[in-house]
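**Student:** Here is the input, now give the coordinates:
(2 chains)
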Number of protein chains: 2
Amino acid sequence: MNEIRKQLLQALLASRGFVSGEELSQQLSVSRTAIWKHIEELRKEGYQIEAVRKQGYRLVAEPNTLSPSVIASHLRTKWLGHDLHYFDEVESTQTIAHRLAREGAPAGTVVLADHQQAGKGRLGRTWFSPKGTGLWMSLVVRPHIPLTSVPQLTLLTAVAVLRAVKQTTSIALSIKWPNDLLYGGQKVAGILTELNAEADRVNYVVIGVGLNVNQEAEDFPPELSSKAISLKLAAQKPISRKDLVVAILQEWENVYNLYQQHGFGPVKTLWEAHTCSLGQRIVARTPHGQVEGVARGITDEGALLLEDGQGHVHRIYSADIETL
Amino acid sequence: MNEIRKQLLQALLASRGFVSGEELSQQLSVSRTAIWKHIEELRKEGYQIEAVRKQGYRLVAEPNTLSPSVIASHLRTKWLGHDLHYFDEVESTQTIAHRLAREGAPAGTVVLADHQQAGKGRLGRTWFSPKGTGLWMSLVVRPHIPLTSVPQLTLLTAVAVLRAVKQTTSIALSIKWPNDLLYGGQKVAGILTELNAEADRVNYVVIGVGLNVNQEAEDFPPELSSKAISLKLAAQKPISRKDLVVAILQEWENVYNLYQQHGFGPVKTLWEAHTCSLGQRIVARTPHGQVEGVARGITDEGALLLEDGQGHVHRIYSADIETL
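**Tutor:** Residues are numbered from 1 along each chain as shown, chains lettered A, B, ... in the order given. The predicted structure follows:
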C-alpha cells in the first residue's frame, strides 16, 4: 500500500469524527488536492468516507476484506506481516508460502486467503477452509534454531493464537497437544508447522494457521459437525476477521520475541497454563504403535510425556491424541 | 528406456564377444527384425555395435554419457535410481530433486547432471560443478525417521560414496565430519542433505553428492586448487563416471538397507572406521561461537563430540571444522 495512503487511513482511523483536509495536508506534508485524490483511491478500495464542507473527512466503514491495505492500516508489528500476500482463492496458503520462501521472501512474510480449495492439515490431511468465514494464513519465519527445536514453534503459535482470540473475542480456548485449539472440546483452530532445512540448519519454517471464525453450524460438513466449531458459534455473535488477523500477528511477534530473548521456558509455561491435555488419560496413536496413559507434561523439544500404567514415561513426538 | 532395448544391452554387455541375432531373438522373445531395429536405435543413442554375418552383434563401445539408458543397463539396485532424470546442464540437481519430490516423485528418484551452473554446497554456499568432469547428483528418499535422525543420512551417504569409490578406483578416501570426503587432506566430494518436513514428520529428504572425478589440476579455480582434488589426479588415470554412479547407487542402497534393518549402529561403526576427524585437535566454528578441542566421537544423532581443554565435552551439531 502507498505509504501516504496508509498514513491517511491511520489518521482517519485514529480520529473517531471528522478530520479537516487542512489538518491532514499538514500532518502528511502533501497538498489538499493530493489528500482528495488519495481519499478517492481509498473509496475505490471499498472504504466508505464521508466528506462534509468545512468539517473534512470521516471514515464511515472499512471494506469487509482481508486485503493488505486494510490489514496494514491496523497493524503495529515491527516486522511480522509487513510483507503480506492476500488471495481471494488459493489451493493452499502453505504451498504459496513455501514458494515465496524458496524464492527468498523475508522472515515475517504472511500469506492470507479468503478461501482454500485444498487447505493442508497435519500428517498430509486436508483442512476444511470455506470462503469468507475463516482465517487461512501462513507465516514464513527463518529462525536460527536446530531442527529439534522446530516443534516448539507449533506450541508457540498455539499460545499466540489463543491469546489473540482472548483479546479480540473474550473467548477462552484451550490447547490440545500438539496443534489444536478447542472450545468445549470442539476444534476451533489447527496449526501446521512445516520446514525446509539442511541436516544441521533451518532454511525456513512455514507456519499455517486455520481458524474457524464466522461459520454457522450448518456450514460444517456432517463429518465435522460434532468435532468443529467457529468463534461466532462460541461467542454467539459475528467476529471481525481483520481484528483477529491483526491481533494474531501482534501476539505472534510478542511471544516470538519472548522466545528469542528467553528461550522456550516462558513459552512452555504459557502453553502449560492453557492446555487441556495435561493430567488427562489419553491414547496416543503414533507411527510406531499406540500408547495409553496420563499426559504428564511436555519436554523442552515440545514432545508430550505420557506415563503408562506401569509408570513408564514415553516421549511422544508425533501422534494423534484421543482423550479417554 | 525401452525394456527390450535394456535387456538387449544387458545381453550384449554380459557377452564379451559376438551374440547371434538368433540367440538374442530367442532370449528376448522378439523377432530377428525387431532385434535389428533395436540395435539401430541403440546406435542412434551412441552405442558402437559391430554386426558381422554369421557371427551376430558385438558391443564395441558405450556412449560416454550418464544418460538413463547407459546407467539403467548397468544398474542392479532394487529401487534406487530406477527413476533417473539426466540433464546436460542444470542450475542445481538439488533444486530439481526438490521440485520432483514436491510433485510426488517416489523414493529412489535420482537427478544427475553433466554440468551445474549453480551447484549447492552446505550452509548456502556454492559447489564448483564444471561440465563433463564430475558427478553431480541428488537422491530423493522418504524415510520414516524423526527429524533428529536426518543428519545420520549425511554420514550414511559419506560411507556409501567412500565404499563405491574404493570399489571402482581402489582409492581410499577418508571422511571429514560432517560431509566431506578427502584424499590426502584435499576435498574430493561433498554431501548436502536437505529436507522438507512437518514439525513431527519427514516428508522427503534430498541428498546431494558432488564428486570431483576427471578434473585436471588446472580445471580448479585458484581459490580451490590447494583444497580440492579429483579422483583422476589421485589415481593418475581417468575414471569412468558411469561406473561410479552405478557403484554409488548400489552402495547407497546396501548401506541404507543395513540402516533400516539394524539402525544407525552399524553405519556409525563404518563411519568411524573411515573418518580422519576423530582423535584430531580441531577448531569448530559454530553459529554460536568457536570451540577448540579433540574430536572424541559422534553421537547417535550424528553430532560431533568435542572435548575442550577443561575436559568438557561439547556436542557440535553444525560447524565448520579445521584441523589444528
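
**Student:** CA atoms only for stretch A:165-181, dumped as CSV, please.
**Tutor:** Provided in CSV are the C-alpha atoms of stretch A:165-181 (Å, rounded to 0.1, in the frame of the first residue of the first chain):
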residue,chain,number,x,y,z
VAL,A,165,-8.6,-14.8,20.3
LYS,A,166,-9.0,-14.0,24.0
GLN,A,167,-8.2,-10.3,23.4
THR,A,168,-10.4,-10.0,20.4
THR,A,169,-13.4,-12.0,21.5
SER,A,170,-13.0,-12.7,25.2
ILE,A,171,-13.3,-16.4,24.3
ALA,A,172,-11.0,-18.7,26.3
LEU,A,173,-9.8,-21.6,24.2
SER,A,174,-7.7,-24.5,25.4
ILE,A,175,-4.8,-26.2,23.7
LYS,A,176,-4.8,-29.8,22.8
TRP,A,177,-1.3,-31.2,22.2
PRO,A,178,0.3,-30.7,19.8
ASN,A,179,-1.6,-28.3,17.4
ASP,A,180,-5.3,-27.9,18.1
LEU,A,181,-7.2,-25.1,19.8
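
**Student:** near chain B, anything from that stretch?
**Tutor:** Yes. With C-beta under 8 Å from any C-beta of the partner chain as the criterion, chain B is reached by stretch A:165-181 at A:P178. Backbone N, C-alpha and C define where each C-beta goes, glycine included.

**Student:** got it, and stretch A:197-211?
**Tutor:** Yes. Applying C-beta under 8 Å from any C-beta, one finds stretch A:197-211 touching chain B at A:A197, A:E198, A:A199, A:D200, A:R201, A:N203.

**Student:** Now, those residues that are in strands?
**Tutor:** Members of the residues of stretch A:197-211 next to chain B lying in strands (criterion: DSSP state E): A:A197, A:E198, A:R201, A:N203.

**Student:** Quick check: which of those residues has the minimum pLDDT.
**Tutor:** On pLDDT alone, A:R201 ranks lowest of those, at 88.

**Student:** Could you list everything it pairs with in the sheet?
**Tutor:** As for beta bridges, A:R201 partners with A:E198 under DSSP bridges.

**Student:** so it sits right up against B:S318, yeah?
**Tutor:** Yes. Counting by C-beta atoms under 8 Å, A:R201 touches B:S318, with 5.7 Å between them.

**Student:** hang on, A:K6 packs against A:S73?
**Tutor:** Yes. The pair A:K6 / A:S73 is scored as a contact, 5.9 Å apart, by C-beta under 8 Å.

**Student:** Compare the two (neighbour count), which wins?
**Tutor:** Counting neighbours by other C-beta atoms under 10 Å in any protein chain shown for A:K6 and for A:S73 shows that A:S73 has the greater number, 23 against 16.

**Student:** before we move on, the earlier item: most neighbours among the residues of stretch A:197-211 next to chain B, which one is it?
**Tutor:** Highest neighbour count within these, by other C-beta under 10 Å: A:A199, with 26 neighbours.

**Student:** list the contacts for that one?
**Tutor:** Contacts of A:A199 were listed using C-beta atoms under 8 Å, 6 or more residues apart in numbering or on different chains, and they are A:L147, B:V150, B:P151, B:L153, B:T154, B:P178, B:T193, B:E194, B:L195, B:G302.

**Student:** What of A:Y183?
**Tutor:** Applying C-beta under 8 Å, 6+ apart, we find A:Y183 in contact with A:I171, A:L173, A:S174, A:I229, A:L231, A:A234.

**Student:** Just give me the neighbour total for the fourth one.
**Tutor:** By that I understand A:I229. A:I229 has 21 neighbours, counted by other C-beta under 10 Å.

**Student:** Excluding chain neighbours, give the residue nearest to it in space.
**Tutor:** Once flanking residues are discounted, A:I229 sits nearest to A:Q186: 3.9 Å by C-beta to C-beta, 6 or more residues apart in numbering or on different chains.

**Student:** ditto for the fifth one
**Tutor:** Spatial nearest neighbour of A:L231, chain neighbours left out: A:I239 (4.8 Å); criterion: C-beta to C-beta, 6+ apart.

**Student:** what do you get for the second one?
**Tutor:** Closest residue in space to A:L173, ignoring its immediate chain neighbours: A:L181 at 4.5 Å, by C-beta to C-beta, 6+ apart.

**Student:** so that neighbour touches A:A172, yeah?
**Tutor:** No. With contact defined as C-beta under 8 Å, A:L181 does not count as touching A:A172 (10.5 Å).

**Student:** which of those two has more neighbours?
**Tutor:** Neighbours around A:L181 and A:A172, counted as other C-beta under 10 Å, are more numerous at A:L181. The numbers are 25 against 11.

**Student:** pLDDT averaged over the strand or helix carrying that one, what's the number?
**Tutor:** Per DSSP states H and E, A:L181 falls inside strand A:180-183. On average, the pLDDT along strand A:180-183 is 96.

**Student:** Each with direction, which strands does it pair with?
**Tutor:** strand A:174-176 (antiparallel), strand A:186-198 (antiparallel).

**Student:** nearest spatial neighbour of the closest residue to chain B within the stretch 51-200 of chain A, skipping sequence neighbours?
**Tutor:** Of all residues in the stretch 51-200 of chain A, A:D200 sits closest to chain B, at 3.5 Å by C-beta to the nearest C-beta. Computed as C-beta to C-beta, 6+ apart, the closest residue to A:D200 that is not its neighbour in sequence is B:S318, at 3.5 Å.

**Student:** ok, now A:Q55?
**Tutor:** Once chain neighbours are set aside, the closest to A:Q55 by C-beta to C-beta, 6+ apart is A:F18, at 4.2 Å.
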